[in-house]
Structure formats: C-alpha cells, structure tokens
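Enquirer: Any chance you could fold what I've pasted below:
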Amino acid sequence: MNAKHIYNIDKLPAGKTDWKKVSALSDEEINKAAKTDSAAKPLSKKKLSLFKRVPSQ
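Expert: The predicted structure is shown next:
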C-alpha cells in the first residue's frame, strides 16, 4: 500500500485477515488481486462518476 497509511494497523478489526501481510502489498498487487476476484472488482471511471459527494459530518 502507499507509504501514507490512513489507518493504524493496531486498531484494525480482529478476524482472519493478516493485516501486516495486507499492509506489505503494493498498490499494483492489490489491484491485480481485486481484478481476479469477481466480488471485489474495482469500479470503472464511468461508474465512479455516478457517485455523489456527501459532506462529512
């Protein structure tokens, strides 16, 4: 993942996920894995353009 993490690895939810292993993946590796997982395909630019920004609270 990017050098600038937006989360604290010690505060991620417990479970079966090996967060240290996930943290070590590059963006390219994550995208490649997502593209091969039919349930987690990245959204196209066209589909992303349909999203509307919601102000943070």
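Enquirer: where exactly do the strands run in this structure?
Expert: For the chain, strands defined by DSSP state E do not occur.
Enquirer: what about the longest helix in it?
Expert: Longest helix in the chain, counting residues (DSSP state H): helix 27-36.
Enquirer: model confidence over that helix, on average?
Expert: Mean pLDDT, helix 27-36: 88.
Enquirer: Can you give the distance of it from its chain's centre?
Expert: 10 Å (C-alpha atoms, centre = their mean, to the nearest Å).
Enquirer: Backbone dihedrals for A39, both of them.
Expert: Dihedral pair for A39: phi -90, psi -10, per degrees, to the nearest 10.
Enquirer: cool, and the one 3 residues further on?
Expert: The phi and psi torsions at P42 (degrees, to the nearest 10) take the values phi -60, psi 150.
Enquirer: wait, what's in contact with it?
Expert: Taking C-beta atoms under 8 Å, 6 or more residues apart in numbering as the criterion, P42 is in contact with 31, 34-35. C-betas here are computed from N, CA, C, even on glycine.
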